[in-house]
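# just the structure for this:
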Amino acid sequence: MGRAFSHVCERRQAWGTVEGAPVSEQSRPKGDPVEDPRTTAVLMLAAIREASAHLGKLLRLARTEIRGNLRAFASLVLMFGGALLLVLAALVLLLMALRDGLAALIGSETLAALIVALPFVVASAILSVWAQRVWIRPSVEG
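Numbering: from 1, shown residues only. Below you'll find the model as predicted:
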């Protein structure tokens, strides 16, 4: 019995380190599970620690990716919003220049303003009639 116990102790010491460095799991001999010094609880705790560290790194990476995507989306919205604002300002200036040009030709600034505004008045009237028809339409449920 004493000889078998000393043999197991020598085997455990040989498994522990090689030249002061821990031996990897693959290099350990696949012997009797009883001879393995690690318990299930120790292995579970190590696995939980590693999973926790991995999850922390994964969440940090996801946070970084989301921040980058939000910055890119915000800059895209800002650029398109700025372009839209410039287009609207250019349209207003074009309409004002058209009114001034017509006023110089006709001689009446009021009549020129009415002529420039007429297409917008017609479009708003058409859209108002269309909206009333859509809202008044009888529902299928009633």
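
# what about the strands in this protein?
Per DSSP state E, the chain carries strands over the ranges 17-18, 21-22.

# give me the low-pLDDT residue ranges for this structure?
1-36, 139-142 (pLDDT under 70).

# please enumerate the helices of it.
2-16, 40-106, 109-136 (DSSP state H).

# so which other helices or strands are in contact with the longest one?
Okay, so that is helix 40-106. helix 109-136 (3 or more C-beta pairs under 8 Å, 6 or more residues apart in numbering; DSSP states H and E). (Each C-beta comes from the backbone N, C-alpha and C, glycine too.)

# what packs against the helix it packs on?
If you count contacts as 3+ C-beta pairs under 8 Å, 6+ apart, helix 109-136 packs onto helix 40-106.

# next, the angle helix 109-136 makes with the helix it packs on.
140 degrees (axes from the mean of the first three to the mean of the last three C-alpha atoms, to 10 degrees).

# separation between the most centrally placed residue in the chain and residue 119?
In the chain, the residue lying closest to the centroid (C-alpha atoms, centre = their mean) is residue 66, at 4.5 Å. Distance of residue 66 to residue 119, computed by C-beta to C-beta, to the nearest Å: 46 Å.

# again, but for residue 42
Residue 42 is 82 Å from residue 119, by C-beta to C-beta.

# and residue 52, by the same measure?
Computed as C-beta to C-beta, the residue 52 to residue 119 distance reads 67 Å.

# please apply the same query to residue 94.
Distance from residue 94 to residue 119, by C-beta to C-beta: 13 Å.

# now do residue 125
Using C-beta to C-beta, one gets 11 Å for the distance from residue 125 to residue 119.
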